[in-house]
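Q: Turn this into a model:
(chains A and B)
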Amino acid sequence: MSIHVRDVSKAFGSFRALDRVSLEIADGALVALLGPSGSGKTTLLRVIAGLEQPDSGTITEDGTDVTDRHARARGVGFVFQHYALFRHMSVFENVAFGLRIRRVARAEVTRRVDELLRLVRLEGLGGRRPAQLSGGQRQRVALARALAIRPRILLLDEPFGALDAKVRVELRQWLRRLHDEIGMTSVFVTHDQEEAFELADEVVVMNQGRIEQRGAPDEVFDRPATPFVMDFLGTVNLFHGRIENGRAFWHGIPIPVAGSAGVAGPRAARVYLRPHELDIHRSGSATDGASLSAEVLRIAPGGAVTRVACRPAGADEPVQVDLPSDRARDLGLRPGETVRITPRTARVFPVDHDYVI
Amino acid sequence: MSRPASPITATTRSGNVALVAAAWGIVGVLVVVPLASVFLEAFSGGFGAWWATLAHDADTRHAIWLSLTVAPVAVAFNTVFGIAAAWLVARFRFPGRSLLVALFDLPFSVSPVVAGLALVLIFGRQGLLGPTLAALGWKVIFSWPGLVLATTFVTLPLVVREVLPVMESIGPEEEMAAVSLGANGWQVFTRVTLPNIRWALLHGVVLANARALGEFGAVSVVSGHIAGVTDTMPLRVEKLFQEYRQPASMAVASVLAGLALVTLVAKYVIERRVEAEARERQAARAADGTAAEGAGQR
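A: Model (predicted):
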């Protein structure tokens, strides 16, 4: 079922949670609403579910205006951040709730609930109370309960927020498969970009009640539309520099600029360098013309990536460089030694493009 | 056996024994002995005499019947009010909310006699609403509606005060989940809200009932002490005592005290359930917290 949010605003007192937000979600899509806390993502999710009334704007589902339709009549599956399982009911009764409300025949309820418990791999735990389950199990009960009413839209609020790292990754992949099998439209809220990128077909980045950018994960990551998106998606090195003839100048060396059109310059600009788009060489190699001398401060080994903190000569702020671990091993870097760093590509935003995080 | 819990409370064994003995001594002298003597006095002529004193006096019979009517009506009102008020305060933010919560407690801090007088000032013949009520032919003061009002007033905080913290700690998410699954308001209340607050509610009801049965001050002002009409059990006890009819007075008192003991047992049983559920909530939240922490450290 497609969802169309048009010009929706919502304020809580003087706080503007949503500021004229418009968003189209295609039938069968899996969309992530990504943003920091207070960005309005949960409010948008609740407005889509009918749990909050927008102050203005409309919500349509498959072309039908549902703005004034009560949440209980929307038939939308909603998974709450802390699951909100009915604590006094067994797992079975939790999953059966929506069916009992719909007066589904008893035998049919049993059949459907058993089927759902099998789907979420909780068969045999129907008699337990929510308090007797682990976090991951509770999450799956919440999912089964939401799926029981056969929603054509599934909304999930920080679905993996309260789980530990290992369970979270497992559940993520499982949810992706489930979405593809059932073929509904799913929207989930997260503040974790890794989660958004891994799970979603489309990522909607929100900030201060507005949508900053939307697009496929690689599109949003490679071509951030605003400084906010650039900043929010992972670590960045930010400098104040200049742009001239489509190139950014940083401590006097030119860096090719990716994407950002309309920044011919010459003018002052914010220069963003992603850590993995910087390279480290030994002094004396051929690329010295486009590289800076820097001192190695710290080396933090990781799995695929080794993070190196360097300070360019004459700069106050250190620069973060992510090297493939193989390359870091070949270089054999040590703290305190002097190397040359080469930025491969930069993203720039003119200085007057102001924003607040 | 008492165990020292910390160096500050640690004393010698003999010191502990002395403290425990003192506690028992005080409770014994102030509570157990007087209460036991009421029963001893009431049953001094045997069960038959006790029963006869209660059953053969029409005014006493009426007093017992009146108390057992007024108290449930007041408690029923407070149950409805308590749930509605707790829900309002726990689920909504509105101007004057804190003041409203503070006002819930007012009946506890005002002397019951003052409460009774206030009701007379409003509903009495010379009172604010007196002429209106007289014109309608309704009698509030010196009649059972006044008794219900006075009893409701003094027991007002009991249900809402028990239900409110539980409702607040449970939060609105389960109710929202029920709505998103298609439940209407009544279904949300009966299937989700009520089961979640049932033990706290029952606790409040038991406390309110005990207070309602025993209320003297406020009821005394509005009742007018008309034997066989507006005398409740506590008023009857006092009146019989003033009339030097000690055995009769003690017999009614023993009924009141017996009801109090039943309440005590009920309260004890319910409190254990309330505490067990609070522990469950806490454990669930702690489990959530550690999981979230683990995720944060990733």
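
Q: Give me the mean pLDDT for stretch B:75-83.
A: Averaging pLDDT along stretch B:75-83 yields 94.

Q: So which residues make contact with it?
A: B:148, B:152, B:155-156, B:158-160, B:162-163, B:197, B:201, B:204-205, B:208-209, B:212 (Cβ atoms under 8 Å, 6 or more residues apart in numbering or on different chains). In short, each C-beta sits where N, CA and C put it, glycine included.

Q: now, among those residues, which is nearest to chain A?
A: B:Ile197 (10.1 Å; Cβ to the nearest Cβ).

Q: And chain A, is the helix or strand in which that closest one is found touching that?
A: B:Ile197 is part of helix B:194-214, with elements assigned from DSSP states H and E. Yes: counting by Cβ under 8 Å from any Cβ of the partner chain, chain A is contacted by helix B:194-214 at B:195-196.

Q: Could you list the buried residues of that helix?
A: B:196-214 (16 or more other Cβ atoms under 10 Å in any protein chain shown).

Q: again with stretch B:35-47
A: For stretch B:35-47, using 16+ other Cβ under 10 Å, the buried residues are B:38-39, B:41-42.

Q: Return the subset of those residues lying in helices.
A: Residues of the buried residues of stretch B:35-47 located in helices (DSSP state H): B:38-39, B:41-42.

Q: Which pair of the contacts of stretch B:75-83 spans the longest distance?
A: B:Val148 and B:Ile197 (24.7 Å; Cβ to Cβ).

Q: hey, which helix is longest across chain A?
A: Chain A, longest helix under DSSP H: helix A:165-182.

Q: Next, the residues that contact it from outside, please.
A: Counting by Cβ under 8 Å, 6+ apart, A:30, A:119, A:135-136, A:139-140, A:143, A:147, A:154, A:156, A:159-160, A:163, A:186, A:195, A:198-199, B:294-295, B:298 sit against helix A:165-182.

Q: Check the offset of it from the chain's centre.
A: Relative to the chain's own centre, helix A:165-182 is displaced by 15 Å; criterion: Cα atoms, centre = their mean, to the nearest Å.

Q: Output the ones in helices among the buried residues of stretch B:35-47 in a markdown table; the columns should cover pLDDT and distance to chain A.
A: Shown next, in a markdown table, are these (pLDDT from 0 to 100; distance: Cβ to the nearest Cβ, whole Å):
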| residue | pLDDT | distance to chain A |
| --- | --- | --- |
| B:Val38 | 88 | 41 |
| B:Phe39 | 90 | 40 |
| B:Glu41 | 86 | 46 |
| B:Ala42 | 87 | 43 |
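
Q: want to throw these into CSV with distance to A:Arg102?
A: Below are these laid out as CSV (distance: Cβ to Cβ, whole Å):
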residue, distance to A:Arg102
B:Val38, 58
B:Phe39, 57
B:Glu41, 63
B:Ala42, 59
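
Q: ok, which pair from these is furthest apart?
A: B:Phe39 and B:Glu41 (7.3 Å).

Q: so what sits against both of the two?
A: B:Ser254.

Q: Against chain A, how distant is B:Leu136?
A: 41 Å (Cβ to the nearest Cβ, to the nearest Å).

Q: oh sorry, the question was meant for B:Asp105
A: B:Asp105 sits at a distance of 27 Å from chain A (criterion: Cβ to the nearest Cβ).

Q: pretty sure that residue is in contact with B:Leu158, am I right?
A: No: between B:Asp105 and B:Leu158 there is no contact under Cβ atoms under 8 Å: 10.6 Å.

Q: okay, these two: which has more neighbours?
A: B:Leu158 (26 against 13; other Cβ atoms under 10 Å in any protein chain shown).

Q: Can you give me the end-to-end span of stretch A:151-163?
A: In stretch A:151-163, first residue to last residue: 25 Å (Cα to Cα, to the nearest Å).

Q: Disregarding residues adjacent in the polypeptide, which is nearest to B:Asp231?
A: B:Ala63 (4.7 Å; Cβ to Cβ, 6 or more residues apart in numbering or on different chains).

Q: what does A:His70 give?
A: In this structure, A:His70 finds its nearest non-sequential neighbour in A:Gly50, 6.3 Å apart by Cβ to Cβ, 6+ apart.

Q: What about the one you found, how many residues nearby?
A: 22.

Q: Could you verify my assumption that it touches A:Phe78?
A: No: using Cβ under 8 Å, A:Gly50 makes no contact with A:Phe78, being 9.3 Å away.

Q: hang on, the earlier thing: could you pull up phi and psi at the residue nearest to B:Asp231?
A: The phi/psi pair for B:Ala63 (degrees, to the nearest 10) reads phi -60, psi -40.

Q: Count the neighbours of the residue in the stretch 1-150 of chain B positioned nearest to chain A for me.
A: Nearest residue of the stretch 1-150 of chain B to chain A, counting by Cβ to the nearest Cβ: B:Arg93, 8.7 Å away. By the criterion of other Cβ under 10 Å, B:Arg93 has 8 neighbours.

Q: same deal with A:Phe249?
A: Around A:Phe249 there are 19 residues (other Cβ under 10 Å).

Q: Spell out which residues of chain A are next to chain B.
A: Residues of chain A lying near chain B (Cβ under 8 Å from any Cβ): A:49-51, A:70-78, A:80-82, A:84-89, A:97-98, A:101-102, A:130-131, A:134-135, A:145-146, A:148-149, A:160-165, A:168.
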